[in-house]
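Undergrad: Here is a sequence together with a model predicted from it:
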Amino acid sequence: MTEFLLVIPVYNEQKILRKNILKLIDFLDNKSIKYKIVIADNASTDDTQKIAKELASKHKTVYSFSIPRKGRGYALKHAWKNFNADIYAYCDVDLATDINQISSLINQILQGNNLVIANRYLKRSKSRRTIGRFVYSKIYIYLARFLLNTKITDLQCGFKAADKKVINNLLPKIKDNNWFFDTELVIKALKMGYKIKQIPVNWQENNESKVKIIQTSINYIKKLIRLRKELRNFK
């Protein structure tokens with residue numbers, strides 16, 4: 001039976017962790033698939049790690065994985081490397097993406113795609129967000145398409161899945177340990193010739209998001225330029 005690994009990177013998420021992990025368990029229990037949910041804690045300073053351990057002790061499909069430093073990319077890389085599966089995926093703990101679309105991630109990998117990414121801008125997608133974040137996202141995509149020569153219109157949605165080839169061959173080449181991990185993963189997958197499938201999703205913005213738009217924007221522009229230079233000699 002196909003084994004599905006879903007990593008949930010978390011940092012100080014004590015308010016929503018328990019209820020959202022229980023939602024995921026309820027959803028996946030009704031699917032004909034063997035699965036693991038890994039809560040990858042990024043050195044939280046609240047009760048996140050305590051709650052993660054409690055969930056793992058009560059549910060055999062849930063695992064608590066502690067990482068001693070912050071960084072979503074860092075959490076994903078270490079969790080994916082330390083657990084074995086046929087399909088590797090992740091989603092943000094706020095469940096901004098409708099969890100019913102986990103089925104699409106699984107099905108598209110089973111159909112032979114190497115990497116499956118949610119795209120909030122496809123015609124069939126429904127996305128609710130503030131004007132500020134919408135404008136920020138559009139500017140970022142414009143810059144990414146210009147600097148990295150890509151036609152993909154959503155690099156940063158926290159809802160993706162990969163097969164073993166990507167995990168074994170591409171993951172070691174990903175340098176970023178934070179939010180830029182998503183962009184680097186997709187762009188390098190394209191560069192290596194992997195088959196990528198974009199899927200439409202229903203997405204609801206989390207108003208308590210920890211992403212600081214201005215600070216993140218400046219940082220991302222620097223990283224886009226750095227990645228553009230790296231790709232010249234990337235194999």
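TA: Good, I have the coordinates. Numbering: from 1, shown residues only.
Undergrad: Return the per-residue confidence for the spatially most central residue of the chain.
TA: The residue lying closest to the centre of the chain (CA atoms, centre = their mean) is G158, at 3.7 Å. On pLDDT, G158 comes in at 94.
Undergrad: these two touch, right, it and A96?
TA: Yes - in this structure, G158 is within contact of A96 by CB atoms under 8 Å, at 7.3 Å. (C-beta placed from N, C-alpha, C; glycine too.)
Undergrad: before we move on, back to that, number of nearby residues for the nearest residue to the residue nearest to the centre of the chain once chain neighbours are set aside?
TA: Sequence neighbours aside, D92 is the residue nearest to G158 in space, at 3.9 Å (criterion: CB to CB, 6 or more residues apart in numbering). Neighbours of D92 under the rule other CB atoms under 10 Å: 18.
Undergrad: ok, now which ones touch D92?
TA: I8, P9, G158, F159, N206 (CB atoms under 8 Å, 6 or more residues apart in numbering).
Undergrad: Inside strands: which ones of those residues?
TA: Among the contacts of D92, the members falling in strands (DSSP state E) are I8, P9, F159.
Undergrad: Just give me the neighbour total for the last one.
TA: It stands for F159. By other CB under 10 Å, 27 other residues sit near F159.
Undergrad: Same check on the second one?
TA: The criterion is other CB under 10 Å. On that basis, P9 has 27 neighbouring residues.
Undergrad: now swap in the first one and tell me
TA: Using other CB under 10 Å, I8 is surrounded by 27 other residues.
Undergrad: In this structure it contacts K36, no?
TA: No - between I8 and K36 there is no contact under CB under 8 Å: 11.0 Å.
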